[in-house]
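Asker: The following block contains a protein sequence and its predicted model.
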Amino acid sequence: MDDPYALAGDAADALRGRFGIDRIDLALVLGSGWAQASQGLGEPIGECPLADLPGFSAPVVAGHGGALRLVLTASGSVAAILTGRTHLYEGRGVAPVVHGVRTAAAAGASTLVLTNGCGGIAHAPGAPVLIADQINLTGATPLVGPRFIDLTEVYSSRLRALAKDVDPSLEEGIYCQFHGPAYETPAEVQMAKVIGGTLVGMSTALEAIAAREAGLEVLGISLVTNAAAGIASEPLSHAEVVEAGLVAQPRLRGLLAGLWERL
Ligand code: 8IG
């Protein structure tokens, strides 16, 4: 098997070569419900399919993006926006799940913004929630060998404070990553709640671990698109999920735009 760190180095070289830049400063990974809010962020530098870069593959889920956009932020930083991600449930293993994060680090990024769409245990659908900490319930890790990475502050309190400068009403939560692709049973959601979780999803935690290994400062923001299984009295309707996402758009847009002036 290819060394995943070397592969990320190759992808970073390809990225720099393709766009004629010597580094990126930050990366933003878009989860479900975040694509629209990221439109028009910064001054465009260029865009390519992620699959054009070494180690990335085309998205498997309809509606998940698969592009890399480079933009200049208002504060003069070069930002890479990954419009999609690889999930653990795709069955390709953990290395492809964190390849984008490692590529961003290899290309020089020092800041990573991870977004996702998720289920809410203690947060209402439509709410953007700052991830304060996480519980990795996947049974997997991107780290191999004796890499005893400190995870005391996976999500940077400095970056959370910056996000709250933009939107003081932001809630904070604890994100539980499940393997997926099935959504949780109500009993699994109760377990997540008992152990301190307030959000349930299928991404982000493994990426955040790889990011901390690479020395990146991480901001995580979830968009609650549905009540987690068994939490709401009504069964979830697709229309409600779509509606919650739509209602949240102006807030997500304002949040990302405000961050783009500060990062
Ligand atoms: I959107 O309720 C979205 N993604 N695990 N549970 C999990 N992932 C999700 C959910 C959810 N909603």
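Answerer: Arrived safely, thanks for sending.

Asker: and the residue of the stretch 101-250 of the chain found nearest the ligand, how many neighbours does it have?
Answerer: The stretch 101-250 of the chain approaches the ligand most closely through Gly119 (2.3 Å), counting by Cβ to the nearest ligand atom. Where you see a C-beta, it was placed from the backbone N, CA and C, and this is true even at glycine. Using other Cβ atoms under 10 Å, Gly119 is surrounded by 27 other residues.

Asker: so what's Ala122 up against?
Answerer: Shown in contact with Ala122 (Cβ atoms under 8 Å, 6 or more residues apart in numbering): 173, 193, 198-199.

Asker: For it, give me the backbone phi and psi.
Answerer: phi -120, psi 20 (degrees, to the nearest 10).

Asker: and the gap between it and Leu137?
Answerer: 17 Å (Cβ to Cβ, to the nearest Å).

Asker: Equivalent analysis for Val97, please.
Answerer: 15 Å.

Asker: For those two, indicate the residue with more neighbours.
Answerer: Val97 (22 against 18).

Asker: what about Leu130, which SS state?
Answerer: The three-state label given to Leu130 by DSSP: H, G, I helix; E, B strand; the rest coil is strand.

Asker: re the thing from before, quick check: which helices or strands does the helix or strand encompassing the residue of the stretch 101-250 of the chain closest to the ligand pack against?
Answerer: Using DSSP states H and E, Gly119 sits in strand 111-120. Judged by 3 or more Cβ pairs under 8 Å, 6 or more residues apart in numbering; DSSP states H and E, the packing partners of strand 111-120 are strand 26-29, helix 95-106, strand 199-201, helix 205-213, strand 217-227.

Asker: ok, and the helix or strand in the protein with the lowest average confidence?
Answerer: Every helix and strand in the chain was compared by mean pLDDT, DSSP states H and E; the lowest is helix 238-262, with a mean of 90.

Asker: Ala211 against Leu219, yeah?
Answerer: No - using Cβ atoms under 8 Å as the test, Ala211 is too far from Leu219 to be in contact (10.2 Å).

Asker: Quick check on these two: which one has the bigger neighbour count.
Answerer: The residue with more neighbours, out of Ala211 and Leu219, is Ala211; 28 against 24, by other Cβ under 10 Å.

Asker: got the residues of the protein near the ligand?
Answerer: By the rule Cβ under 6 Å from any ligand atom, the part of the chain lying against the ligand is 32, 117-119, 178, 180, 183-184, 200-202, 225-226, 228.

Asker: Could you dump those into JSON lines and include pLDDT?
Answerer: Listed next are the residues of the chain next to the ligand as JSON lines, based on pLDDT from 0 to 100:
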{"residue": "Ser32", "pLDDT": "90"}
{"residue": "Gly117", "pLDDT": "95"}
{"residue": "Cys118", "pLDDT": "96"}
{"residue": "Gly119", "pLDDT": "96"}
{"residue": "Phe178", "pLDDT": "98"}
{"residue": "Gly180", "pLDDT": "96"}
{"residue": "Tyr183", "pLDDT": "95"}
{"residue": "Glu184", "pLDDT": "96"}
{"residue": "Val200", "pLDDT": "98"}
{"residue": "Gly201", "pLDDT": "98"}
{"residue": "Met202", "pLDDT": "97"}
{"residue": "Thr225", "pLDDT": "93"}
{"residue": "Asn226", "pLDDT": "92"}
{"residue": "Ala228", "pLDDT": "95"}
